[in-house]
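1. Build me a model from this:
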Amino acid sequence: MYRDVVAVIKSFYRMSMLSPALRLMYLGRGNAAYFLKMLAEPLDVDLSNLMCSDNSLTFGVLNAALPIANYLDLRRRGFDVSALRYEDLVARPLDMCRVVLEFCHLPVSLAELAVKAFDVDSQANSTLAKSAIGHFKEPQLTPQIKTKLNEILKQLGVPLIGEPGIVEGTLSCC
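-> Purely as a prediction, here's the structure:
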């Protein structure tokens, strides 16, 4: 499952307001990219230029983009894998649950039961609950920052900010 890159950037930024370890990574600016280096190694992507990045949103963009890049790499190497886009699941939960169940060769009749899970905040009793992080101001995504983040996304071979963020092999109900 993957998510829209901008949504992940904003979410990770808000989460950093309540997680001391994550906040330190943000305050450390691009140095947080070091923690994601191991995810990039199988892709033969050099992230050393990000280690001194002046953009505190680098950590969020890498958290969104590296799993997508790894997924695309698996497909390129011939693995029969498919993806699910979070935004599709939230927009059309019943239809997408049916697609996923069918893809997994499970009874489609379970879809209505699966959709009930969407009524609950899965983080409700944690510090990451929507009620806890929802009030934090979102980070600024200026044209300059967007350009720098798109350079990272381009280097990883994933959709850029401002483009349709749907990758090949994504399950769809339409």
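
2. What strand or helix carries the residue nearest to I133 when sequence neighbours are not counted?
-> Beyond its immediate neighbours in the sequence, the residue positioned closest to I133 (CB to CB, 6 or more residues apart in numbering) is R14, lying 4.3 Å away. To be clear about C-beta, it is placed using only N, CA and C from the backbone, and glycine gets the same treatment. If you go by DSSP states H and E, R14 is part of helix 5-16.

3. what packs against that helix?
-> Here helix 5-16 touches helix 20-27, helix 58-76, helix 130-133, helix 143-156, going by 3 or more CB pairs under 8 Å, 6 or more residues apart in numbering; DSSP states H and E.

4. May I see the buried residues of that helix?
-> Within helix 5-16, the residues that count as buried by 16 or more other CB atoms under 10 Å are 5-6, 8-16.

5. quick one: low-confidence parts of this structure?
-> 22-23, 25-43, 45-56, 128-129 (pLDDT under 70).

6. Quickly note the distance from the closest residue to D88 other than its chain neighbours to K146.
-> Ranked by CB to CB, 6+ apart and with sequence neighbours excluded, the top spatial neighbour of D88 is M96, at 5.4 Å. As judged by CB to CB, to the nearest Å, M96 and K146 stand 29 Å apart.

7. of these two, who's got more company?
-> Between M96 and K146, M96 has the larger neighbour count (other CB atoms under 10 Å), namely 23 against 15.

8. Am I right that the more buried one is in contact with C173?
-> Yes - at 5.6 Å, M96 counts as touching C173 under the criterion of CB atoms under 8 Å.

9. tell me, what's touching those two both at once?
-> The overlap between the contact sets of M96 and C173 (CB atoms under 8 Å, 6 or more residues apart in numbering) consists of D88.

10. re the thing from before, going by secondary structure, the residue nearest to D88 is in what exactly?
-> Per DSSP H and E: helix 93-103 holds M96.

11. Export only the CA atoms of that helix, formatted as PDB.
-> The C-alpha trace of helix 93-103 is given here as PDB (Å, rounded to 0.1, in the frame of the first residue of the first chain):
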ATOM      1  CA  PRO A  93     -13.800   1.700   0.600                       C
ATOM      2  CA  LEU A  94     -16.500  -0.900  -0.400                       C
ATOM      3  CA  ASP A  95     -15.400  -1.100  -4.000                       C
ATOM      4  CA  MET A  96     -11.700  -1.300  -3.200                       C
ATOM      5  CA  CYS A  97     -12.200  -3.900  -0.400                       C
ATOM      6  CA  ARG A  98     -14.000  -6.000  -3.000                       C
ATOM      7  CA  VAL A  99     -11.100  -5.600  -5.400                       C
ATOM      8  CA  VAL A 100      -8.600  -6.500  -2.700                       C
ATOM      9  CA  LEU A 101     -10.500  -9.500  -1.500                       C
ATOM     10  CA  GLU A 102     -11.000 -10.800  -5.100                       C
ATOM     11  CA  PHE A 103      -7.300 -10.200  -5.800                       C
END
